[in-house]
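A.B. asks: Could you look at this predicted model? Sequence included:
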Amino acid sequence: MDEERKYGLYSLIIGLLCIIGIILADGLISYVLYVIAVPSLLYGIGAFIIPKTRRKDAGKLPFRGY
Amino acid sequence: MDTSLIGTINLTIHAFLVGSLLLGLHRKIMARIQGRPGPPIIQYLLHTLKFYVKEITFPITAGNPLYMFVALLDVAIWLSALIIAVDFKSSLLIIIGIYVLQKIVEHGCGLSSGSPYGKLGGVRSVFSAAAEVPLFAVVAAVYLTTHSVLISDVLKYQAVNGSLIFKMPICAFAFFILLVSKTPYSPFGIVKGKDIVSGYMTEHYGLLASIIYIAEAIAYFVLLWLFIAVFIGPSIINDPISTLIAMVIMTIILAFVSGLTPLLAPHHSVMLQMTIAGLVLCDVLYRLIVGG
């Protein structure tokens, strides 16, 4: 698994846990969980939609000493 | 589950869409002022959606996971600002705290990429923190006048005593300059100046850029809402249609400012912001001596 999808999976897990928390919790804590859930899900879902990188050595940009 | 959270979800989508369209309108008006046709008004929204499905890379010099985390933090802090300001109508001091966190995001975003342009953007972001000094002074002046820093109390005060923009025009001007600093292509936009490519966002593209665009659309909405709520009052802010009209008018004014002024040099930008801060501090001192 490449690096972006690895972090995406972590984010997705955090986001889904927060959603479960929102369903169970009440009051101010549900807003805190909402604030964590939205960016986590945005990246988590996005990381699995974006195409796989076509570069052989991910992260090694050619213009920076590679 | 707290049912009031559904209202917050609606508000988030509303803030993102309105913020995106207003930023698109801002760019369109700027282009027309400069004699260009300009992109369509939905261009900002299209950019956000397009970049959401584009590949990302982590540069070899990037500090992970900070490189990725700052983009998510950006959304989290402006969502917090949206909930605290628009939903709860809570304290202005928390909003200042959130605005300071935004600086951490810009700094972290620039430095974590390891790109020299990003680093320069991050450094410029830190010393453009001069824009926050007027914000502190504005909150102090608002407190001296209304005896509260809660947005709900400021709105109640204005319902009885009329808009604060007529009582404290210097503070309103200072807050307006803060809005100008936050607007893209503004004379104070040294953080993302084209001389340093895109500043702290130089290396963040694809999905990460899209996430930062979402945060910026929400930020634009929150800042406009705050200006209207704190200085114009409940007569406008209690009606969504009139709020939207006020936001469009504000965007047109901001677009004229951005379209007709050149980008200031970093030291000039900071100097001007500090001068405005000094002006507001004089206003605060006067209010302290006179008593509100």
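C.D. replies: Arrived safely. Predicted, not measured: the structure shown is a model, and the values here were computed from it.
A.B. asks: okay, CA-based contacts and neighbour counts for the rest of this
C.D. replies: Fine.
A.B. asks: and stretch B:42-53 with chain A, contact?
C.D. replies: Yes - applying C-alpha under 8 Å from any C-alpha of the partner chain, one finds stretch B:42-53 in contact with chain A at B:Tyr52, B:Val53.
A.B. asks: That stretch: which residues count as buried?
C.D. replies: B:Ile42, B:Gln43, B:Tyr44, B:Leu45, B:Thr48, B:Leu49, B:Phe51, B:Tyr52, B:Val53 (16 or more other C-alpha atoms under 10 Å in any protein chain shown).
A.B. asks: Going by distance to chain A, which of those residues wins?
C.D. replies: B:Val53 (4.8 Å; C-alpha to the nearest C-alpha).
A.B. asks: How many residues are close by residue 4?
C.D. replies: No chain in the question, so chain A it is. 23 (other C-alpha atoms under 10 Å in any protein chain shown).
A.B. asks: sorry, should have said chain B
C.D. replies: With other C-alpha under 10 Å as criterion, B:Ser4 counts 13.
A.B. asks: residues in contact with B:Gly122?
C.D. replies: B:Glu106, B:His107, B:Gly108, B:Cys109, B:Gly110, B:Leu111, B:Val191, B:Gly199, B:Tyr200 (C-alpha atoms under 8 Å, 6 or more residues apart in numbering or on different chains).
A.B. asks: now B:Ala85
C.D. replies: Going by C-alpha under 8 Å, 6+ apart, B:Ala85 touches B:Ser91, B:Leu92, B:Ile95, B:Ile151, B:Val222, B:Leu226.
A.B. asks: So the last one: helix, strand or coil?
C.D. replies: Think B:Leu226. helix (DSSP: H, G, I helix; E, B strand; the rest coil).
A.B. asks: which residue packs closest to it, ignoring adjacent ones?
C.D. replies: B:Ala85 (7.3 Å; C-alpha to C-alpha, 6 or more residues apart in numbering or on different chains).
A.B. asks: For that neighbour, give me the pLDDT.
C.D. replies: In this model, B:Ala85 is scored at 89, pLDDT.
A.B. asks: picking that back up, weed out the non-buried ones from the contacts of B:Gly122.
C.D. replies: Buried by 16+ other C-alpha under 10 Å: B:Glu106, B:His107, B:Gly108, B:Cys109, B:Gly110, B:Leu111, B:Val191, B:Gly199, B:Tyr200, out of these.
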